[in-house]
Structure formats: C-alpha cells, structure tokens
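Student: pasting the sequence and the predicted coordinates here, then a few questions.
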Amino acid sequence: MNRIEVENLTKDYKNGRGIFGLDFSVGRGEVFGYLGPNGAGKTTTIRCLMGFIKAGGGSCRINGMDCFEHSRQIHKNVGYLPGEIALINDMTGRQYLKFIREMKGIKDSRRQKYITDLFELDDSGKIKKMSKGTKQKVALAAAFMGQPDILVLDEATSGLDPLMQNRFVDLVLEEKKRGRTIFMSSHIFEEVEKTCDRVAIIKDGRLVSVESMAALATKKQKSYTVLFKDRRRAAAFASKAPFAVEKVQGARVHFYAGQNPGPVLAAVARADPVDIEIKSQSLEELFLHFYKEGDR
Amino acid sequence: MILPLIKQNIKSCIRPLLIVWAVIMMYTAIIVYMYNPQFSRMLTEYQKIMPGIMDAMGMSGAAENLVQWMGIYLYGFIMTAFPMIFSIIAANSLMMKYIDSGSVCALLTSGRTRRQIVLTQAACAVVFVLVLFALSTAGGVVCARIMFGGQLDINLYIQLNFSCMLMQLMVMCVSFAAACFSSETKQFCTFGAGLPVAFYIADMAANMGGKAENIKYLTPYTLFDAAKITAGESVAVQNALMAVISLALVRGAAVYFEKRDLSV
C-alpha cells in the first residue's frame, strides 16, 4: 500500500507560481527524493502534504487520508522538518523539545536523546541565540523524536556541516531499515544518491521526471572531450558525429554519449584525434540536465 | 484544550499582564487617594472651563460618591487604554507571533486539530482578561477599604468592572480575530492594533459632544457606559451586545483559522 499518494495536485498562486497536476506516490518503506531548483514548487507540495495549505485541485493523501481534512490523524504518525526552520525563539532548545514532546504526547524521551547525541546537539542555549546549524539539529530531533512511520523532510541538512550531513545520511538509512517511509526534498545530490530509492524532479511546478535511482544510473552518460590538430578537423568531426555534440571550442569537441563506448571510440579513432578525455557524468550533472530539460 | 500550550501561553503573557495590572493598581490607588467631595467639585469646575479635553478623556460629569468618582476618573481613560494595550500584546503573543514566525507549524504538526489550537489560544486570551479584571477589581476594593473604609458601593463597582471587562474582551476578540486573519505582523498591526486604537480615538471624539457625538455609532467602546452603571441604571442590553460581538468575533476567527492556508 502506498503511504503517500499525490494525484493531479494543483495549487495555483496566479502569478505563474505554484504546482500543477503533480502525480506520484511513495510506497511503504521507500525513501523518496524530491528535487528541483529554487522556486520549483517543492515546499508548496510539502505544505499540501502537511495540510498547511489546501490543494486548489487534485488530491494528496497520507495513509489513505486527505492531508488537509485529516491532518490531526496524519500528524500523529508523521515527523516533519520544515524547510524554513521556525522554532519558538524565547525557549531554550531543551525547553522546545520538551514542549514538542508534550504537545505530541510522547512520554519516552530516549529517541530524542539518541538524536541529540548523534548530532552532538547542545540544547541548553536560547534558540534565538543559536546558529542555523544548531537550530537545524533541534528541528531534526523534533522530527525524529516520536519514531513516526512517515518522515517528511524539507532540505534536512541545510546548515549542517559535512560531518553532520553524513550522520544524517546514516540516520536516514537506519530509519529505512526500520521500514519508515521518507519523503525528502534536497539540494545535496550525494545525500540523495546514498539514501533514495526513487526521485521526482520538479521544475516550474511541474514534474519533469519520476525515476528509480537504478534507472537513473543507467541514464548516466559519459562526457567526452576530444582534441584535434586544428579547428577544421574539429568542425569536420562535429558535423559528421553520430551523436549530439554539446559544443565545439577551437580544436576541442565536447559531447555526451551513452553507456556503450565502443561505437563512440571507433568514430573518434577514425577522426584521428590528438587527445581524448572521458569522464563519467555525476548524478549532479544528470539532475542539472533534467533541470535544463524542464526549461525546454 | 491543550495543556502544554496553556502552560506556554501563561509563560509568555504573565509578564505583560502583571505590568499592566501594576500600572492599573498604581493609578487606582492614586485616584482613590485623590477622592474628596471638595476636590470633586473643583474638577467639575475644570470640566466647565475646558470641556473638550476633559470630555475627550472620558472625564465628564459630577461625582457624588466614590464609585462615581472612580467611574469618571479611572474608567474614562486608564481602564480603557491599559487593558487595550494588554489585549494587543496578548493577541500578538498567543496567535500572531506563531503565524508570523512560522512556528505555528510546530503546533499544527503536533497531532492536534486547528480547532483545538485556536480555541485553546482564544480561551487563554479570555481568561487573561478575566484575571486582569479580577485582580484590578480586588485591588480597587482593597484600596477603597484602606483609604475610605465602607464608602465604596461594592455592588456597583463590580458591575462597573464587569461591563468594562466585557468591553475589553471585545477589544481582545478584535485583536485575536485580526491575528487569525493575518499572515504577517504588518497586517496585524493595521487591524489588530489599529482598529482598537481607532475605536478608542473615535470614542474620545464622540465624548467631546456636538456634531462629533454621532461618531459614537462607529465605535463599540460606547457600549461601555460608566456613568449609567454608577448611577445605578441597567446596562444589561449593552453587556449582552458586547458578549455577543465577542463570541461572534471568536467564532469567525476560529472558523477562518480552521480553513485558511498557512504558508509556513
């Protein structure tokens, strides 16, 4: 059974912003990455999922319940980390976590202690005096403290240092092993690559692609840079190449090609190059490619 | 009702409540101390010399006893303005601060309904006004007993405070409703603080009489009539109206808050 179901979800802010006809679902125990450039509609989708805003059209459901109408029942089983951390500033971190624990009716504080220890959080200071990273750790502890079955995390590692980002990845993997369903938006490709089973890419409020990480891996291309003796030879190669050339810079020709390098190398060899550089496309480059694709 | 939220509300509002109460008590003690029939006659003469200013401050009419004296010189300005300031501060702390800062998402994701949240906050707002007036009434009675033992008509004084409290509850409900309807502090300041202040200024203008008297129909503050109460006349209709307006405002605010988009 799907834990999260989004069907034709639309929220139109009338100025070209919003989300339009989103369709995706997240299965039980799945870690689902939600990626897109700034202003693409990631946070709007999450606000709909959390029942903060009412969908203009379509539907979004968690555990089969409408996210706006049944937000109370949904939140009993959902841990949420907002993209814009807004805690209660006049409390200390410890007071805030105690307040959230009481609000959620969580009696056991061991999980909270585990998270604060994992992120080496000093929760004794006033929240308004805390750095962004420390506030992020408090918010992480609040999201994970109740051991919810579903976690909705909006840019969870924003403000965390690389060591803490790695610990976050470990925590997500640990939660995944326990069968939790995790929906996370992120800009950190490495963290997505390490944790997610599937990703959705959103651009200008519309889904560009929903892919499994395994399928994405097969889409990774190789980047080729071939150097010729002169411009003329480079131009001749570019005009006859059996693949799309990205750009020609003087005597250099740049292009991407798929997984099977044999025919590419044969074509390059026939053109008598001076040098060749081959790089594997990173996930980041692949996503940026998707982002650009959304522009077209 | 959400107990942890109530505890948090008490923490955030206890200080302004005590400060406003202390100011009210200071003025109450001074006004009671100043009471004497001769001085009252002198102030009535002042009212004749500068009718505009005294009337605008709600200080008009002749006091024949202590409760009338307090009705004119305490409830014309102090008991109108200071609880209003508290109401604006409290509505901001109880509702607006959470919405403006985005920390309302911590409340919304706690497994409580929006109705539970808004009604808990509204109940706290009402109770804080009740507590402020209960403490002020008790303080006034103590001051009068110490300085003019037995001269204060306690029954009328309680009626005076009850009616004034209903007026301040109405002000609190205006501010609270404005907070529920607003997304930013800027909007709240315009309606949640601006409207009560505008009503107050309209009341001052209406008190000056003449053509300006018709302004009284634009401000709900005129529903509180201290002179009538201290003269022993019934203000049941005005009291009922203030209670109904307050209830309608809270209900409207709660219904809107339950359905509104909160982009946090």
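Tutor: Ah, there it is.
Student: what about the helix or strand harbouring A:L140, distance to the chain center?
Tutor: Secondary structure from DSSP states H and E places A:L140 in helix A:132-144. Remark: helix A:132-144 is offset 18 Å from the chain centroid, using Cα atoms, centre = their mean, to the nearest Å.
Student: lowest-scoring secondary structure element of the chain by mean pLDDT?
Tutor: By default, I'm working from chain A. Lowest on mean pLDDT, DSSP states H and E among the helices and strands of chain A sits helix A:283-295, with a mean of 70.
Student: I was after chain B.
Tutor: Result, chain B / mean pLDDT, DSSP H and E: helix B:51-56, a mean of 66.
Student: any idea of the mean pLDDT in the helix or strand following that one?
Tutor: Helices and strands here follow DSSP H and E; after helix B:51-56, the next one along the chain is helix B:66-73. Taken as a whole, helix B:66-73 has a mean pLDDT of 89.
Student: still on that earlier bit, what packs against the helix holding A:L140?
Tutor: If you count contacts as 3 or more Cβ pairs under 8 Å, 6 or more residues apart in numbering or on different chains; DSSP states H and E, helix A:132-144 packs onto strand A:78-81, helix A:93-104, helix A:110-118, strand A:150-154, helix A:162-177. Glycine gets a C-beta too; all of them are placed from N, C-alpha and C.
Student: can you put these in a markdown table and add mean neighbour count and distance to B:M84?
Tutor: Output for these, formatted as a markdown table (neighbours: other Cβ atoms under 10 Å in any protein chain shown; distance: least, Cβ to Cβ, whole Å):
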| stretch | mean neighbour count | distance to B:M84 |
| --- | --- | --- |
| strand A:78-81 | 25 | 37 |
| helix A:93-104 | 21 | 30 |
| helix A:110-118 | 16 | 42 |
| strand A:150-154 | 24 | 40 |
| helix A:162-177 | 16 | 48 |
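Student: and chain B, which of these is closest to it?
Tutor: When the helices and strands packed on helix A:132-144 are compared by Cβ to the nearest Cβ, helix A:93-104 sits nearest chain B, at 3.7 Å.
Student: so how far is that closest one off the chain centroid?
Tutor: 28 Å.
Student: that helix vs chain B: in contact?
Tutor: Yes. Under the criterion of Cβ under 8 Å from any Cβ of the partner chain, helix A:93-104 makes contact with chain B via A:99-100, A:102-104.
Student: what lies in contact with that helix?
Tutor: A:76, A:87-88, A:91, A:109, A:112, A:116, A:121-125, A:127, A:130, A:134, A:138, A:141-142, A:145-146, B:2-5, B:8, B:106-107, B:110-112 (Cβ atoms under 8 Å, 6 or more residues apart in numbering or on different chains).
Student: repeat for stretch A:201-219
Tutor: A:16-24, A:34-37, A:40-42, A:44-45, A:193, A:196-200, A:259, A:283, A:286-287, A:290-291, A:293-295.
Student: what subset of these is buried?
Tutor: Buried residues within these, defined by neighbour count using 16 or more other Cβ atoms under 10 Å in any protein chain shown: A:19-20, A:22, A:24, A:34-37, A:40-42, A:44-45, A:193, A:196-200, A:283, A:286-287, A:290-291, A:294.
Student: looking at the residues you listed, which are in helices?
Tutor: If you go by DSSP state H, the buried ones among the contacts of stretch A:201-219 have A:42, A:44-45, A:193, A:283, A:286-287, A:290-291, A:294 in helices.
Student: just give me the closest of the residues you listed to chain B.
Tutor: For those, the nearest to chain B is A:T44 (8.3 Å; Cβ to the nearest Cβ).
Student: ok, back up a step: what comes up buried for the helix holding A:L140?
Tutor: So for helix A:132-144, counting by 16+ other Cβ under 10 Å, buried means A:134-144.
Student: from these, pick the one nearest chain B.
Tutor: A:A142 (7.2 Å).
Student: gap between the closest one and B:L74?
Tutor: Distance, A:A142 to B:L74, by Cβ to Cβ, to the nearest Å: 47 Å.
Student: low-confidence regions, the chain specifically.
Tutor: As the question left the chain open, I've gone with chain A. A:293-296 (pLDDT under 70).
Student: could you do chain B instead?
Tutor: Applying pLDDT under 70 to chain B flags the ranges B:40, B:43, B:47, B:51-61.
Student: please list the residues of it that sit near chain A.
Tutor: Counting by Cβ under 8 Å from any Cβ, the residues of chain B near chain A are B:2-5, B:8, B:12, B:101-103, B:105-114, B:259, B:261-264.
Student: mind telling me which residue of the stretch 51-200 of chain B is nearest chain A?
Tutor: For the stretch 51-200 of chain B, Cβ to the nearest Cβ, closest residue to chain A: B:G102, 3.1 Å.
Student: surely that residue and A:E84 touch.
Tutor: Yes. B:G102 is within contact range of A:E84, at 5.8 Å (criterion: Cβ atoms under 8 Å).
Student: which one of these two has more residues nearby?
Tutor: Higher neighbour count among B:G102 and A:E84: B:G102, with 18 against 13, using other Cβ atoms under 10 Å in any protein chain shown.
Student: which helices and strands sit right next to the lengthiest helix in chain B?
Tutor: The residue-count maximum for a helix in chain B (DSSP H) belongs to helix B:114-148. Secondary-structure packing of helix B:114-148 (3+ Cβ pairs under 8 Å, 6+ apart): helix B:3-34, helix B:66-73, helix B:78-91, helix B:104-108, helix B:154-181, helix B:236-259.
Student: at 10 Å instead, please
Tutor: With contacts defined as 3 or more Cβ pairs under 10 Å, 6 or more residues apart in numbering or on different chains; DSSP states H and E, helix B:114-148 has these neighbours: helix A:71-75, helix B:3-34, helix B:66-73, helix B:78-91, helix B:104-108, helix B:154-181, helix B:236-259.
Student: give me the distance between the fifth one and the centre of its chain.
Tutor: Translated: helix B:104-108. Distance, centroid of helix B:104-108 to centroid of chain: 29 Å (Cα atoms, centre = their mean).
Student: what's that helix in contact with?
Tutor: Contact with helix B:104-108 is made by A:47, A:50-52, A:71-72, A:75, A:80-82, A:84-88, A:96, A:99-100, A:103-104, A:139, A:142, B:2, B:5, B:8, B:95-99, B:114, B:116-118, B:120-121, B:257, B:262, B:264, as judged by Cβ atoms under 10 Å, 6 or more residues apart in numbering or on different chains.
Student: what of the first one?
Tutor: Taking contacts as Cβ under 10 Å, 6+ apart, the residues outside helix A:71-75 that touch it are A:49-52, A:61-68, A:78, A:104, A:146, A:148, A:150, A:152, B:108-116.
Student: in that helix, which residues are buried?
Tutor: Buried-residue list, helix A:71-75, by 16+ other Cβ under 10 Å: A:71-72, A:74-75.
Student: likewise the second one?
Tutor: Applying a neighbour-count criterion of 16+ other Cβ under 10 Å, the buried positions in helix B:3-34 are B:4-5, B:8-9, B:12-13, B:16-17, B:20-21, B:24-25, B:27-29, B:31-32.
Student: so who does the residue in chain A positioned nearest to chain B touch?
Tutor: Taking Cβ to the nearest Cβ as the measure, chain A has A:A86 as its residue closest to chain B, at 3.1 Å. A:A86 makes contacts with A:127, A:135, A:139, B:98, B:100-106, B:264, as judged by Cβ under 10 Å, 6+ apart.
Student: before we move on, back to that, quick one: the residue lying closest to the residue of the stretch 51-200 of chain B closest to chain A once chain neighbours are set aside from B:D100, how far?
Tutor: Ranked by Cβ to Cβ, 6 or more residues apart in numbering or on different chains and with sequence neighbours excluded, the top spatial neighbour of B:G102 is A:A86, at 3.1 Å. According to Cβ to Cβ, A:A86 and B:D100 sit 9 Å apart.
Student: what about B:G210, neighbour count?
Tutor: B:G210: 10 neighbours (other Cβ under 10 Å).
Student: quick check: the gap between it and B:K216.
Tutor: From B:G210 to B:K216 the distance is 12 Å (Cβ to Cβ).
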